[in-house]
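Participant: next one to model:
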Amino acid sequence: MTLDWTTLIIPVYFLYGLAFYSMGLALLIESGRASELGFARSMRLLAGFALLHGTHEWIEFIERILLLMDGSLLPMWVMWFKVALLASSFLALVAFGEHLRSLEDEDNPRINLVVMAVLWYAASCIVIQAANQLDEQSWATVCDVLARYVLGIPASILAAMVLFRQRRTIKDPEMQRFAVYFTFAAICMLIYGVVGQLFVKQAIIFPARIINEELFLWIFGFPVQVLRALMAIVLSFAMISALRVLEIENEQRMKGIEKARRDIEYRSREELSRLNASLQASEAEARQLLAELKKRDTIRTEFLQQVTAAQESERKRIARELHDGTGQMLTGLALGLRGLSRQVHDNPDMVVKRLSDLEIMATTTIGELRTLIQDLRPPQLDDMGLIPAIRSMLDRLKQADSPTYNLKISGDPYPLPSDVETILFRIIQEGLTNATKHAHADAVNVCLDYEDGVGLCVCDDGIGCDPETVLATSPTRSSWGLMGIEERANLINAVWSFESKPSQGTKIKVQIPRPVAEPTETEPADTPSSNTLPSVEPAVAEPKEVQPHDD
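Facilitator: Numbers count the residues shown, from 1 in each chain. Here you go, the predicted model:
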């Protein structure tokens, strides 16, 4: 049974064009997706091939309808337009293969195959026309045939090769099942390009005079357009199915973005939690420091009040001693002298005796004044320096029932600034007072070390105490003497420490970390150097009898 392909070829052309047009639209729509696959970045070129080729086949479809209806032919300009569409579609396929190949082999230099194909095709058409002097209809047919030979077959082979190699770029297990569609697409493209474009319209050039559409129809019993249409349909189905890879890739990308967003949110929450915890800890620490600062301010205020009270008490004591002792004796001395002035002529012997008594009274008054001055500030501190002043103080403290006092000096003593010596003397005075009145010590040692800066130590073998209890920053504390030592040490940038244990004695250490520069030969020993600290002594000194002491 022989089929009438004159009529049946019309729907074949329609399906042929529809298959390519559908594939072109699908590829064009999906080309907007972002993808890491090289195929996705070349889809516009493959879509261009499909749309141009589909348009060419639909023009053939219209031509067959017109030929069947009234035997009329399309105008020549439409024929040339159809040849241009065919050549352009194959050039788009060449560009697709070249672009995809260059993406896979980025290290190799890119060859502009499109330009070479255009030059080769144009030169072939011109050479054939120049050699045979064809009419316009025949030349259009030759150009159609050359487009399939020169452009179509090489472009299809190149496209089939790059499509087949796309399977290697799909490494995700979830997308591996779609790799087979690239194989189908490559096979269909190869059959369509090599077989479908080898059997062309009969023309004067070789091998179109022998291998043409009539030969294919005689061998297989159906037109070559049927093969082309079948391959176009399978190719369209395979390419549209292969687009599922892009969809899965997009879903995976969205899942990755969502996972990254959740991770970022989780890390942000964790970071906010850490920052919140850190802020709360800092706030608690700030509150604690503020409370501690308030306590220290309260203690400092009370300490200043204690110092002021001690100063006022000392002033009262000095006034009382001057009034009751020195003042009365001076008054008696003045009255005695006044009486002697009246009797100097009447009773000389009695005047001589009274002068001797008045001399004893004056000497006693001078001794009391010296004792008072010694309590206020020992003259040795200004006249001879720190060490003689300490020795003088220890000599005055020695009594029959008092502890044993020892002074030990290490290194080579050198003069210190007056303010520093005064502060060190007061610290030693306070330490000795505590050891004598509160520690019930049998021996008290005072050590001065000049080897590494200036070090001071006052230690005893008394009853000791608990440092945490004594040094606690409580508003009700009574260890104002130790706080005075701390304040004085801070004035000269010294480091102080207090060590004590119950029944194991007490040790007070003060260390000036940097040696104080010694005065030069032209500078008096008691002249402060350039590094001398400002004076820290109050207007009225603090004798040991009325200073506040540690419990």
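Participant: all helices for the stretch 1-150 of the chain, in order.
Facilitator: 5-30, 38-41, 43-70, 76-104, 113-132, 136-146 (DSSP state H, counting those that start in this stretch).
Participant: how near is residue 92 to residue 44?
Facilitator: Separation of residue 92 from residue 44 (C-beta to C-beta, to the nearest Å): 9 Å. (C-beta placed from N, C-alpha, C; glycine too.)
Participant: wait, I meant residue 454
Facilitator: For residue 454, the distance to residue 44 equals 88 Å [C-beta to C-beta].
Participant: ok, those two, which is more surrounded?
Facilitator: Between residue 454 and residue 44, counted using other C-beta atoms under 10 Å, the more crowded position is residue 454 (25 against 18).
Participant: my read: that one touches residue 414, true?
Facilitator: No. Residue 454 is beyond contact range of residue 414, at 9.1 Å (criterion: C-beta atoms under 8 Å).
Participant: anything in contact with each of those two?
Facilitator: Residues touching both residue 454 and residue 414 (C-beta atoms under 8 Å, 6 or more residues apart in numbering): there are none.
Participant: how about the helices of the stretch 1-150 of the chain in a markdown table, adding mean pLDDT and distance to residue 420?
Facilitator: Output for the helices of the stretch 1-150 of the chain, formatted as a markdown table (pLDDT from 0 to 100; distance: least, C-beta to C-beta, whole Å):
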| stretch | mean pLDDT | distance to residue 420 |
| --- | --- | --- |
| helix 5-30 | 87 | 88 |
| helix 38-41 | 65 | 82 |
| helix 43-70 | 89 | 89 |
| helix 76-104 | 90 | 83 |
| helix 113-132 | 92 | 94 |
| helix 136-146 | 93 | 110 |
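Participant: generate TSV for these, with distance to residue 328 as supplementary columns.
Facilitator: Formatted as TSV, those follow (distance: least, C-beta to C-beta, whole Å):
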stretch	distance to residue 328
helix 5-30	121
helix 38-41	117
helix 43-70	122
helix 76-104	118
helix 113-132	130
helix 136-146	146
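Participant: so what's the nearest residue to residue 407 once chain neighbours are set aside up against?
Facilitator: Distances taken as C-beta to C-beta, 6 or more residues apart in numbering place residue 446 nearest to residue 407, at 5.0 Å, with adjacent residues excluded. Applying C-beta under 8 Å, 6+ apart to residue 446 gives the contacts 390, 394, 405, 406, 407, 408, 428, 431, 432, 456, 457, 458.
Participant: can you tell me the SS state at the fourth one?
Facilitator: If I follow you right, that is residue 406. Using DSSP: H, G, I helix; E, B strand; the rest coil, the structure places residue 406 in strand.
Participant: cool, the first one as well?
Facilitator: The assignment at residue 390 comes out as helix when based on three-state DSSP.
Participant: what's the neighbour count on it?
Facilitator: Counted with other C-beta under 10 Å, the neighbours of residue 390 add up to 24.
Participant: close enough to count as contact, it and residue 407?
Facilitator: Yes. In this structure residue 390 lies within contact range of residue 407 using C-beta under 8 Å: 6.1 Å.
Participant: list the residues that contact both of the two?
Facilitator: By C-beta under 8 Å, 6+ apart, residue 390 and residue 407 have these common neighbours: 446, 448.
Participant: local confidence estimate at residue 178?
Facilitator: In this model, residue 178 is scored at 74, pLDDT.
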